[in-house]
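# Sequence and predicted structure below; questions after.
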Amino acid sequence: MKVKKEINVPTSSEDIPLEVYQKIITSDEKFRTDPYYVLALLCGVDPSLFKSIRAQDLDNLMSKAEKAMRFEGNKFIPFWNCEGVKYGFHPNLEDMTFAEITNLEKYMNEPENYHKAMSVCFRPVVYESKKLGGLYEIESYQGSSEYSEVMKKIPLSYFFGVRTFFLTIGNELNKITIQYSRKNSEKK
C-alpha cells in the first residue's frame, strides 16, 4: 500500500526564509547539487522522503524549487513585520555610521552572514510620521548581532530586493562616474 504525503514546495522566493537559502548556498557542493538535500531543506522534511518518489515528480519539484530561488523580479520592500514589530530599511544611507557601512559591505559578500547584513539595513521603527510624507526613524545601530536572528526569518525575496537596490545604486554610480570622467577629459 502506497502512503501519500503532501509536501509544500516553495513556488517563489517569498516562501523561502533567508536562513534556508543560506544553508543551501553555504553547503558543500556535494549537498548543494543534491536534489534530495535541497528539496528537504526547502520543504522542511527528511531527505529520505524524496528517495521513494518518481523521478518525473522529483524533477517537477526541483524545477519549482529552482525557480523559487532565482534572483529576479524581486521588489525592494522598505518595511516588514515580524512578531508584532515593524522593521524599516535604513531611512538615510548618507547618515550611516562607519560601523554600519563596514559591516554591510563585509556581510553582503559573505553568504553565511547575509542575515547580519540585513540587520544592518533593517531595524525596528521607533518613530513614524503620517503627516510628514511617511518620514520614519529606526533604532540606532548597536551591532549586527542585535537583530540578526530575526533576520534569518525574512523571506528570501526581501534579501534579493535589498541586493537589487544596492546593485542598482552601484550601476548608477558607475554610469555617473564614467559620464563625469568623459566630460572632464573633454574639457582638458
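Thanks, I have it.
# any idea how far Phe31 is from Glu83?
Phe31 sits 31 Å away from Glu83, going by CB to CB, to the nearest Å. For every residue, glycine as well, the C-beta is placed using N, CA and C.
# cool, Val126 as well?
From Val126 to Glu83 the distance is 16 Å (CB to CB).
# Ok, Arg163 next?
24 Å.
# of Val126 and Glu83, who's got more company?
Remark: of Val126 and Glu83, Val126 carries more neighbours, 12 against 6, as counted by other CB atoms under 10 Å.
# check which helix or strand covers the closest residue to Lys23 other than its chain neighbours.
Nearest residue to Lys23 in three dimensions, chain neighbours excluded: Leu41, at 5.6 Å (CB to CB, 6 or more residues apart in numbering). Assigned by DSSP states H and E, Leu41 falls within helix 35-43.
# and the next element down the chain from that helix?
helix 55-68.
# If we go by neighbour counts, what in stretch 40-53 is buried?
40-43, 47, 50 (16 or more other CB atoms under 10 Å).
# and if you look at stretch 74-89?
Quick answer for stretch 74-89 (16+ other CB under 10 Å): 74, 77-78, 87-89.
# just checking, Leu61 touches Val9?
Yes. Between Leu61 and Val9 there is a contact under CB atoms under 8 Å: 5.3 Å.
# which secondary structure elements does the longest helix anywhere in the chain contact?
Using DSSP state H to define each element, the chain has its longest helix at helix 156-187. With contacts defined as 3 or more CB pairs under 8 Å, 6 or more residues apart in numbering; DSSP states H and E, helix 156-187 has these neighbours: helix 18-25, helix 114-121.
# tilt between it and helix 114-121?
70 degrees (axes from the mean of the first three to the mean of the last three CA atoms, to 10 degrees).
# Which positions within helix 156-187 qualify as buried?
Applying 16+ other CB under 10 Å to helix 156-187 flags 156-166 as buried.
# go on, stretch 94-101?
Under 16+ other CB under 10 Å, the buried positions of stretch 94-101 are 96, 100.
# Restricted to strands, list the buried residues of stretch 74-89.
Using DSSP state E, 87-89 are the members of the buried residues of stretch 74-89 that sit in strands.
# Any chance of those residues in TSV with pLDDT and distance to Ala68 as columns?
As requested, those are exported to TSV (pLDDT from 0 to 100; distance: CB to CB, whole Å):
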residue	pLDDT	distance to Ala68
Tyr87	95	23
Gly88	95	26
Phe89	95	23
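# which among the residues you listed gets closest to Leu132?
Gly88 (14.6 Å; CB to CB).
# Enumerate every residue touching the closest one.
By CB atoms under 8 Å, 6 or more residues apart in numbering, Gly88 lies in contact with 78-79, 122-125, 128, 136, 138.
# Alright, calling it a day.
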